[in-house]
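# What follows is a predicted protein model with its sequence.
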Amino acid sequence: MNNNNNWLQSRRKFVRNISFLAGASSLPWLLNSCTDDVGEFELTTKNFDSEQYYLLSKVHDVLFPKDQFGPGAAYFKTVEYLDWVLSDVNIDEEDKSYMLTGIKWMEESAKEEFSKEFSRLDEIEIHELISRVSKQNWGESWLSRNLTYIFEAQFSDVLYGSNINGEGWKWLSHYPGYPRPTADMIYDEIFATIGSRSY
Amino acid sequence: MLKDKYDIVIVGSGAGAGPIAYEMSKAGKKVLVLEKGPWFKTEDFFKDEIVTSRRSVYTPNLKDEPQVIEELNAEGEWKAKSNSVSGRDFWNGSVVGGSSNFMSGYFHRMKPVDFTLLSSFGKIEGANIVDWPISYDDLEPYYDKVEKIVGVSGEARKHSSLEPRSSLDFPFPPLKENIISSWIDEACRKEGYESVRCARSIISSPKNERTSCSYSHYCGSYGCSTGAKGSSRVALLDEALKTGNLDISAFSKVFYLKSDAGKVTEAHFYDKNGEVKKVSADIFVVAGQAIESTRLLLMSKSDEFPDGLANNNGLLGKNLIFSGGGVGSGDLHKRDLVEVDFEELLKPGVFVNRSIQNWYSIDDVDFGIAKGGTVDFLFEHSNPTGKAIRQKWNNDGSLLYGSELKKKMKYYFTQMRKISFEVFNDWLPTDNCFVTLDSEVKDKWGDNVARIRISNHKQDIIVGEFLAEKAEIILKNLGAKNIKSNISGGAPPNLVAGGCRFGNDKKTSVLDKNCKAHEVGNLYVTDASFMPTGGSVPYTWTIYANSFRVADEILKKYM
Ligand SMILES: Cc1cc2nc3c(=O)[nH]c(=O)nc-3n(C[C@H](O)[C@H](O)[C@H](O)COP(=O)(O)OP(=O)(O)OC[C@H]3O[C@@H](n4cnc5c(N)ncnc54)[C@H](O)[C@@H]3O)c2cc1C
Ligand code: SF4
């Protein structure tokens, strides 16, 4: 039998996890300031290096900008949220590599379309690049997948650390429903919390 | 600590299992429930979209426990694919209480005509229709019992297709409703339809430790944190536990029923650590939901049953059915509804609870005579991620993003509300809808998984479209825009039945009329597997009622 049993995560792992994820304030990405200012921050993502982080934050900003309607992707720490998604032990490996491969394709497209690195594109060029790739099959589906994670980030419970102050609900007058989860029952902890009980 | 031997061992803990556990333990029998999933209690359920709807927490990871889905492709060839690749999940809830924890609890009884589909409407080419070996009258006392014990709220308002009832009215009064319910009543009146108040397995006043519904706004797919929803866990197992006669063993995956001389002697299961455990009993009841119940019997081969337990006539797994029909919707815009208080329409939590059953049996000059079905009206699910995902496409199918997307979202969430309907009609049983064991794909324990061939009969679509047209007229009357419906042969994984047909003839059925396997002296199947035809309503009320009926039969026979 393969021992990939979610419900068997040991208590020790649970405790270690909880120091990492107990409340929103101890989530590492909340220590970072706004992603607009990528030059100064200390990278904490596990799945992205600083160039990938930069690319994703720029792409997310175009997909979901701060505007008169409400906060944007940077406010909801959507790149950090995506990093959390890709760190999930249960994620399908193909889904994970798809998200990472998309970053590579974006880098390649920048070179093809503008003959320069993504990091050297100005704002107008980034918008233009996204507009062009969104018309290609791969680009449309990769950008769409990013949007889905942007939505998850802003609508997830405040405890997940992205939906800061519940602003993801507030800008849409959304009623989130009660009771809200407790720290030991959010996705990171629920397997260990329930699995460690003896009946 | 589990005992080595029980009076009765039940595989699964959902709607099919709960009534047996309840009745047997109340009758003083020692009962063991073996449930493959974990045990969430009422206080463990929260409104967390990530846990509930975006990841697999209440259902297995498909890499660990896949199923193989086989369907016709566009070229008319059967193509099989593991759902670990396709992602088409047919698990509905693998926890104590099963998927009954996560149901929305729209409750309809089957009607007398559903028990005599063949004699009432005749043969249909390509469909294996039969009459049931029991009648509505046999089941009525148990529908009534479910109302009282599981808890069903509603109102027995007179209408032309109201089923005969032994109790005058429901034990729990109707739930609170959104203003739209009265608009639907009015729209139906204008069109000459009867607006039926849909019953729900949600209690509107407290019962034992269960508090009444808090109108939490997140009901279907979510576990209930008040205990109002009539899950098998809270309504039946929790009550049965009070007798001291019931043991529930979570994380206990049954993979083999050992039999000898026409009787099951032991259930073999993997515990949480993957170790094999064995338990014996006088009576065994299988209720793992239609697909997995069949799979367990197919896996339980022996010299006496080389093709699977109770399968010497080769019928096990055949005539699997789902719920036929589909969905439709329309958009109600604030700008179009100036004379009403739009905030009332946006009010969270309260229910729509309206159905149409005028065409449960169709006798229409143009359409002809046929078995019809039910339409339930409801609001779009409140999950915000789900709602937002549906906004990210332009009308031409291209991706929408940036401020234009946010503008659309803002409008969608604050300036309109989507009203939907669901159509339920018979999914006719055919030779091309069945469960077998896949010869290659295995689960994490190394056992062959279920292979599900899915195909529907064209009549299902014709009837579904007829009903959807009627429902669309009501949406138009409400002033909805962008009205559309989608009736398809797509199988709803949560509404599944058949595979162990019951009947009086051993040659044409797997179970007898009391849901005991014809060939096995002490084996019962009490989920929806027994149903030879499914009626034109969701199944759960009937599953509960039938399981209470079987419990009585077991008590009569053995106790
Ligand atoms: C989101 C949702 C909404 C729904 N809404 C409605 C509705 O509005 N109205 C309605 O009538 N119905 C509804 N349903 C359907 C309803 O939940 C089911 O009809 C009902 O729960 C089926 O009962 P069951 O006993 O067959 O299966 P379940 O309740 O699913 O229970 C089966 C249990 O058996 C366990 N099991 C399976 N195999 C094994 C094994 N080998 N060993 C040990 N345990 C095993 C499973 O883990 C599971 O817990 C809904 C379902 C869902 C998921
Ligand atoms: S409290 Fe009411 S609305 Fe909420 S889950 Fe329970 S039954 Fe559904």
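Thanks, I have the structure now. Ligands and ions are numbered 1, 2, ... in the order given.

# neighbouring contacts of stretch B:395-408?
A:62-65, A:67-70, A:130, A:134-135, A:140, A:143-144, A:147, B:391-394 (CB atoms under 8 Å, 6 or more residues apart in numbering or on different chains). For glycine as for every other residue, the C-beta is placed from the backbone atoms N, C-alpha and C.

# Just after the helix or strand bottoming out on mean pLDDT in chain A, pick out the following helix or strand.
Least confident element among the helices and strands of chain A, by mean pLDDT, DSSP states H and E: helix A:11-21 (a mean of 28). For helix A:11-21, the following helix or strand on the C-terminal side (DSSP states H and E) is helix A:50-63.

# In CSV, could you pull the C-alpha coordinates for that following helix?
Taking Å, rounded to 0.1, in the frame of the first residue of the first chain, the C-alpha atoms of helix A:50-63 are listed here in CSV:
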residue,chain,number,x,y,z
SER,A,50,12.8,36.5,-7.8
GLU,A,51,12.4,36.8,-11.6
GLN,A,52,9.5,34.4,-11.6
TYR,A,53,8.0,36.3,-8.7
TYR,A,54,8.4,39.6,-10.6
LEU,A,55,6.8,38.2,-13.7
LEU,A,56,3.8,36.7,-11.8
SER,A,57,3.2,39.9,-9.9
LYS,A,58,3.2,41.9,-13.0
VAL,A,59,0.9,39.5,-14.8
HIS,A,60,-1.5,39.3,-11.8
ASP,A,61,-1.5,43.1,-11.6
VAL,A,62,-2.7,43.3,-15.2
LEU,A,63,-5.2,40.5,-14.8
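
# is any part of it close to chain B?
Yes - applying CB under 8 Å from any CB of the partner chain, one finds helix A:50-63 touching chain B at A:Val62, A:Leu63.

# average model confidence for that helix?
For helix A:50-63, mean pLDDT is 97.

# One more: stretch B:34-48?
Mean predicted lDDT for stretch B:34-48 stands at 98.

# do stretch A:141-161 as well
For stretch A:141-161, mean pLDDT is 97.

# who's in contact with residue 121?
Since no chain was named, I'll use chain A. A:Ala110, A:Phe114, A:Leu129.

# my question was about chain B
Per CB under 8 Å, 6+ apart, neighbours of B:Phe121: B:Ile129, B:Ile369, B:Ala370, B:Lys371.

# A:Glu107 contacts A:Leu56, doesn't it?
No - A:Glu107 is beyond contact range of A:Leu56, at 11.3 Å (criterion: CB atoms under 8 Å).

# The two: which has the busier surroundings?
A:Leu56 (25 against 16; other CB atoms under 10 Å in any protein chain shown).

# B:Ala450 - that's part of a helix, no?
No - under DSSP: H, G, I helix; E, B strand; the rest coil, B:Ala450 sits outside any helix and is assigned strand.

# Go ahead and confirm it touches B:Leu437.
Yes - taking contacts as CB under 8 Å, B:Ala450 lies within contact range of B:Leu437: 6.9 Å.

# Neighbour count: the two, which is higher?
Between B:Ala450 and B:Leu437, counted using other CB under 10 Å, the more crowded position is B:Ala450 (27 against 18).

# List the residues that contact that one.
Applying CB under 8 Å, 6+ apart to B:Ala450 gives the contacts B:Gln67, B:Val68, B:Ile291, B:Glu292, B:Thr294, B:Arg295, B:Val435, B:Thr436, B:Leu437, B:Asp438.
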